[in-house]
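J.: sequence and predicted structure, then a few things I'm wondering about:
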Amino acid sequence: MKKKDFLIIVFFLITAVILWLLVNITLADITKGEVVIYKEGKVFATIPLTAEETVIVEDEIGNRNVIKVEGGKVTMTEASCRDQICVHTRPARKDGQSIICLPNRVAVEVRSTQKNEIDGVSE
Amino acid sequence: MNHNEIKKMVLFAVMTAVAIILHFVEGLFPMPVAIPGIKLGLPNIVSIVALYLFGPYAAFVILILRVFITSFLYSGFSSLIFSLTGGLLSVMVMSLFWKFREKGFSIISASVAGGVFHNVGQIFAAVAVLRTSAVFSYLPVLIVAGVATGTITGIVSGIIVPRLSRIYHINK
């Protein structure tokens, strides 16, 4: 391994740390937030984070996801997909955190209900 | 077709077959499930070896053949989008490092950058498919994973390339 290889590795690791810090600083804890559930890229349901609610997302071909909002956090309790990655994802509770089920094209996202001007850029 | 061209064609076919088999083998032993979506990237070894033995053209041809065949054999159309964007971005970046290989960047640099950009490409594909930028928060984890798997595949490729080029007497 040459010296420049180490530099490349260090460069990527530093980039990762910076990105990680950025993500964690911008994801401030929120009490006033909402859970947005997307199916095939479209908004399926919007639930306040303070609610206690279970939502079932189903489509014509039998893909099924069960999403549970409880105690200020959201979890995917059940999914019909093969890999079950979404079910094993940690509960989402902060602004911007998400649970994604790629095979079923379902995304669950927590977002702050407080207005944030920066968020408009990514829309 | 002269002798050399036939030899190259056969080697491309063999390498594509090896890549498909590595894809299958990788599926046999799952990675620790704590971090979802992370793979060792064994088929990427073939891309790197092809790049350093025959150049970018070979790497792209073998990559595209491998991605299409494995997607249709094992995983279906939606994985095709992810594999293709990740793979193409990865080979593009590795080709850049291959071009500057005499400037002190070894095969490991190429492999690490390839691993990282493979994951970056997949994230962008996920953003496009799901139409949510929330996926970006997963990027730091995937960059670190790309560095780790890229280092491993880079070391393996670094062992393979000199041996194969000696065996096949490849004229660049």
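T.: Cool, the structure landed.
J.: in which helix or strand does A:V35 reside?
T.: strand A:33-39 (DSSP states H and E).
J.: can you name the next helix or strand after that strand?
T.: Next element after strand A:33-39 (DSSP H and E): strand A:42-48.
J.: show the pLDDT at B:S133.
T.: The per-residue pLDDT reported for B:S133 equals 67.
J.: what does chain A have sitting close to chain B?
T.: Residues of chain A that fall close to chain B, judged by Cβ under 8 Å from any Cβ of the partner chain: A:1-5, A:8-9, A:12-13, A:15-17, A:19-20, A:23, A:27, A:38, A:41, A:83, A:85, A:88-89, A:96-98, A:100, A:102-103, A:105, A:107, A:109, A:122. Every residue, glycine included, has its C-beta placed from N, CA and C.
J.: which residue is nearest the centroid of chain B?
T.: B:N44 (2.8 Å; Cα atoms, centre = their mean).
J.: contacts for the strand holding A:V35, please.
T.: Strand A:33-39 has contacts (Cβ atoms under 8 Å, 6 or more residues apart in numbering or on different chains) with A:43-49, A:55, A:57, A:59, A:67, A:69, A:74, A:92, A:95, A:105-113, B:130-132.
J.: which strand or helix spans residue 17?
T.: Reading this off chain A. Under the criterion of DSSP H and E, A:V17 resides in helix A:3-26.
J.: hm, I was asking about chain B
T.: Here B:A17 sits within helix B:3-28, counting by DSSP H and E.
J.: what residues does stretch B:72-80 touch?
T.: Contacts of stretch B:72-80 (Cβ under 8 Å, 6+ apart): A:102-103, B:20, B:23-24, B:27, B:67-68, B:71, B:129.
J.: please spell out the ChimeraX selection for the buried subset of those residues.
T.: Selection of the buried residues among these in ChimeraX, burial being defined by 16 or more other Cβ atoms under 10 Å in any protein chain shown:
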select /A:102,103 /B:20,23,67,71,129
